[in-house]
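Chemist: What follows is a predicted protein model with its sequence.
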Amino acid sequence: MSAAPIVLETRGLVKRFGGITPTRDVSLRVEAGARHALIGPNGAGKTTLINLLSGTLAPSAGTIRLDGLDITRLAPYRRVERGIVRTFQISQLFGELTPLQSLALSVSRRLGIGGSLWRRLGADARVAPVCETLLRQFHLDDVQDQKVARLAYGKRRLLEIATALACRPRVLLLDEPVAGVPEGERQEIFDIVGALPADVSVLLIEHDMDLVFRFARSVTVLVDGAIFAEGDAASISADPRVAAVYLGETAPVGSGRG
Amino acid sequence: MFALSLDLILGYAGIVSLGHAAFFGIGAYAAALLAKHWNPDPWLGMAAAVGVATALGFFTSFLILRGSDLTRLMVTLGVASILYELANQLDWLTGGADGLQGVTIGALKTPFGAFEFDIAGRVAFGYSAVMLVACLLLVRRLVHSPFGFSLQALRDNRLRAESIGVPVNARLVAAYTLGAAIAGVAGALLAQTSGFASLDVFDFHRSAEVLLALVIGGTGYLWGGLFGAIAFKLLRDAISAWTPQYWNFWLGLFLVVLVLVGRDRLVRPWTGWRR
C-alpha cells in the first residue's frame, strides 16, 4: 500500500478472560496519518482491542509497539504522554467538574503543569485559548461552567471527544464516538476529527457503515477476536466475505438509515 | 483542621479512611516527646510532628493503592490500631496508658515577640487559629491548582483520569501524604496547647468523629470540614446538656436523618428532591 511509516503496531496480541478469548493473535498496523476503521459484528473484540492499545487491559500475549518502541507494559498515563489517547464507548467523564475544568486539566497535563501545586488551574496563558477553541468547536461553550453530571447526553458525548482532543493525540482511538449522537451532529464530529493534522493517526470503531466508508481509508474487520479481513476501504466494501459476515448482519440497520 | 485534612483525602481524592487518627496521633506524640526530652520550642515541635506524620503518610499510602474502598477502610483502621497498641506498649517512651505527662511547651517566638502559653489559653487559641488559617489557605490553594483538579478528576472517574494522562497512583500517594501532614499539624496543636499526649489521640473514636464532622459539613467543600467540626461540637454539647444520658441517641438519630435526607435538602429544602 502506501509508504507512510507505521506508528502503532501489534504482534500476535492475545487477551484471555478465563475461557473467553476476545482477542486472538491480532497483528495490526496503523500508519502515520491513518484514517483506519475497525469494524466487526458485536462481540468481535473491537473494544477489547482498544483497551489493550490504551493500556486499560494488559494482554495475555503479544506485543504493542509505538514508533518501534515496546509499550506493551506501559501504564495508561504513560501512553497518553506518548500520544496514544482514547475515547470511551460509554462516556467516562468527571461528573463534578465542568467541561471547562475537564479540558483545562487535560491541556495542563499535556503542557507538563498537570501536577503543579501552586498555580490556579488555567493560570497558564497557554491553557485558555486551547480550551476555548475546543469548547466552541464542540458546541460546549454555552454549558462550559455547568457540572458535567448535569449535562445532556449529547453534550456529554461531545465532551468525551473534546477531552481526548485536548490531550493532542498522535494516535487517537475512537470507540464508537457518535453512539447516541443525533444524526445531524454525527457528520460534524467526523469533520472535526477528519480535520486533525495529517500526521495524526485515527483508529475508529463505528457501526454506521456510511460514516465508516466516508471517513476511513483503510479498514480492518474483526470476527471472533481475530482479524478476518484487512484492506483499503474500497476493497473491503466490495469483499463478498465481509458482506456475508458483517454487512449482511447490519444491512437492515444501514439501509434503514440510508 | 483535622477534618480539613481528611477532606483533602476523602472529599477531593476520594480515599475513604477510618484511621486518620494515626497521623493526628503520631503528630501529637512527636510534638510532645520532642518538647519533653529535647527542646520545648513549639515551632520545632510542629516541624517534627509534620515531618513524622508526612513520613508515616507516605509509607502507608502504598497500602491504600490496592484494593477497594472496603479494603482501604480496614487497612487504615489497622494502621491506627497498630499505632495505638504501640503507644500503649512502649510505656518507657510514651507513658503507656497514663499518657505522656509533664510536657512543658516553651514560649512561642514570633516576629511580634515571645508569648508564654498562659492558663487562660489566649496564646494557645491564637496559635491554633493562625495555624488553622494557614492550613486552610494552603489547602485552598492546592484544590484550585491543576494538582487539586486532577485529584477530583480521579475521584470522579479513575479510568478516565488515567486516559488523559493523570498518574493516578502518584496522585493518590501525594494526596494521602499531604492529608497526613496536615493531620500531624492538628495533632501537634493538641499536644502543645494541652501539654499532654495520651492514647486517646490514636483512638478509633477520633477517626470516626472526624469522619462524622466531615459528613455533617460536607465532603469536597473546603469549609465543610471546618463547619462540620464546629457543628458537631455544638450539637454534641447542646444535646448532652439537654439530655445527659441519651445524647448519643439523639446525635445518632440526627446523623441518620442527615444521611437519609441529604445535607443539601436539609440546608436548602427548596432545592427539592430532583437531582
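Modeler: Alright, I've got the coordinates.

Chemist: any idea how chain A splits into domains?
Modeler: A:7-83+A:169-184+A:198-258, A:96-167 (automatic domain parsing).

Chemist: is the first one anywhere near chain B?
Modeler: Yes. Contact of domain A:7-83+A:169-184+A:198-258 with chain B (C-beta under 8 Å from any C-beta of the partner chain) involves A:54, A:55, A:56, A:75, A:76, A:77, A:80, A:81. Using the backbone N, CA and C atoms, a C-beta is placed for each residue, glycine as well.

Chemist: got the domains of chain A as CSV, with mean neighbour count columns?
Modeler: Output for the domains of chain A, formatted as CSV (neighbours: other C-beta atoms under 10 Å in any protein chain shown):
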stretch, mean neighbour count
domain A:7-83+A:169-184+A:198-258, 18
domain A:96-167, 19
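
Chemist: Dump the ones you listed into JSON lines; add mean pLDDT as well.
Modeler: What follows is the domains of chain A, written out as JSON lines (pLDDT from 0 to 100):
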{"stretch": "domain A:7-83+A:169-184+A:198-258", "mean pLDDT": "84"}
{"stretch": "domain A:96-167", "mean pLDDT": "83"}
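
Chemist: so which residue of the stretch 1-150 of chain B comes closest to chain A?
Modeler: Using C-beta to the nearest C-beta, residue B:146 is the residue of the stretch 1-150 of chain B that sits closest to chain A, at 4.2 Å.

Chemist: just the stretch 51-200 of chain B next, same as before
Modeler: For the stretch 51-200 of chain B, C-beta to the nearest C-beta, closest residue to chain A: residue B:165, 3.4 Å.

Chemist: residue ranges for the helices of the stretch 51-200 of chain B, please.
Modeler: B:69-89, B:91-94, B:122-143, B:146-156, B:158-163, B:168-194 (DSSP state H, counting those that start in this stretch).

Chemist: what number of residues lie near the residue of the stretch 1-150 of chain B closest to chain A?
Modeler: Using other C-beta atoms under 10 Å in any protein chain shown, residue B:146 has 29 other residues around it.

Chemist: shouldn't it be in contact with residue A:105?
Modeler: Yes. Using C-beta atoms under 8 Å, residue B:146 is in contact with residue A:105, at 6.4 Å.

Chemist: Identify the contacts common to these two.
Modeler: A:114, A:121 (C-beta atoms under 8 Å, 6 or more residues apart in numbering or on different chains).

Chemist: what number of residues lie near residue B:252?
Modeler: Around residue B:252 there are 12 residues (other C-beta under 10 Å).

Chemist: ugh, wrong one, I meant residue B:180
Modeler: Residue B:180 has 30 nearby residues by other C-beta under 10 Å.

Chemist: Spatially nearest residue to it (excluding sequence neighbours)?
Modeler: The spatially closest residue to residue B:180, leaving aside those adjacent along the chain, is residue B:57, at 2.4 Å (C-beta to C-beta, 6 or more residues apart in numbering or on different chains).

Chemist: rewinding a little: what's near enough to touch the residue of the stretch 1-150 of chain B closest to chain A?
Modeler: A:104, A:105, A:108, A:109, A:113, A:114, A:115, A:116, A:119, A:121.

Chemist: related to what we said a few turns ago, turn the domains of chain A into TSV, columns for distance to residue B:52.
Modeler: Listed next are the domains of chain A as TSV, based on distance: least, C-beta to C-beta, whole Å:
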stretch	distance to residue B:52
domain A:7-83+A:169-184+A:198-258	31
domain A:96-167	22
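
Chemist: To residue B:183, which of these lies closest?
Modeler: Comparison of the domains of chain A against residue B:183 by C-beta to C-beta identifies domain A:96-167 as nearest, at 18.3 Å.

Chemist: who in chain B is up against chain A?
Modeler: Residues of chain B that fall close to chain A, judged by C-beta under 8 Å from any C-beta: B:141-142, B:144-150, B:152-153, B:155-157, B:159-168, B:170-171, B:220.

Chemist: how about a cut-off of 7 Å?
Modeler: Chain B has residues B:141-142, B:144-147, B:149-150, B:152-153, B:156-157, B:159-160, B:162-168 near chain A, with proximity defined as C-beta under 7 Å from any C-beta of the partner chain.

Chemist: Restricted to buried residues, select those in PyMOL.
Modeler: In PyMOL, this line selects whichever of these come out buried by 16 or more other C-beta atoms under 10 Å in any protein chain shown:
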select buried, chain B and resi 142+144+145+146+147+149+150+152+153+156+157+160+162+163+164+165+166+167+168
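
Chemist: Residue B:75 touches residue B:65, doesn't it?
Modeler: No. Counting by C-beta atoms under 7 Å, residue B:75 sits too far from residue B:65 to count as a contact (10.1 Å).

Chemist: higher neighbour count, the two?
Modeler: The neighbour comparison of residue B:75 against residue B:65 (other C-beta under 10 Å) goes to residue B:75, with 18 against 14.

Chemist: ok, back up a step: looking at the domains of chain A, which is closest to residue B:129?
Modeler: So among the domains of chain A, domain A:96-167 is nearest, using C-beta to C-beta, at 23.9 Å.

Chemist: Now do the closest one: distance from first to last residue.
Modeler: 20 Å (C-alpha to C-alpha, to the nearest Å).

Chemist: That one vs chain B: in contact?
Modeler: Yes. With C-beta under 7 Å from any C-beta as the criterion, chain B is reached by domain A:96-167 at A:96-97, A:101, A:105-106, A:108-109, A:113-121, A:163, A:167.

Chemist: can you give me phi and psi for residue A:26?
Modeler: phi -90, psi 120 (degrees, to the nearest 10).

Chemist: Residue A:22: what secondary structure?
Modeler: strand (DSSP: H, G, I helix; E, B strand; the rest coil).

Chemist: residues contacting it?
Modeler: With contact taken as C-beta atoms under 7 Å, 6 or more residues apart in numbering or on different chains, residue A:22 is in contact with A:15, A:45, A:48, A:225.

Chemist: Turn those into JSON lines, including secondary structure and distance to residue A:215.
Modeler: Putting the contacts of residue A:22 into JSON lines (DSSP: H, G, I helix; E, B strand; the rest coil; distance: C-beta to C-beta, whole Å) gives the following:
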{"residue": "A:15", "secondary structure": "strand", "distance to residue A:215": "27"}
{"residue": "A:45", "secondary structure": "coil", "distance to residue A:215": "21"}
{"residue": "A:48", "secondary structure": "helix", "distance to residue A:215": "22"}
{"residue": "A:225", "secondary structure": "coil", "distance to residue A:215": "24"}
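
Chemist: Tell me where chain A has helices.
Modeler: All helices of chain A, identified by DSSP state H, fall at A:46-54, A:76-81, A:99-111, A:127-137, A:153-166, A:183-194, A:209-215, A:233-238, A:240-242, A:248-257.

Chemist: Now distance to residue A:146 too, for the ones you listed, in JSON lines please.
Modeler: Formatted as JSON lines, these follow (distance: least, C-beta to C-beta, whole Å):
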{"stretch": "helix A:46-54", "distance to residue A:146": "28"}
{"stretch": "helix A:76-81", "distance to residue A:146": "26"}
{"stretch": "helix A:99-111", "distance to residue A:146": "7"}
{"stretch": "helix A:127-137", "distance to residue A:146": "12"}
{"stretch": "helix A:153-166", "distance to residue A:146": "9"}
{"stretch": "helix A:183-194", "distance to residue A:146": "19"}
{"stretch": "helix A:209-215", "distance to residue A:146": "29"}
{"stretch": "helix A:233-238", "distance to residue A:146": "39"}
{"stretch": "helix A:240-242", "distance to residue A:146": "43"}
{"stretch": "helix A:248-257", "distance to residue A:146": "32"}
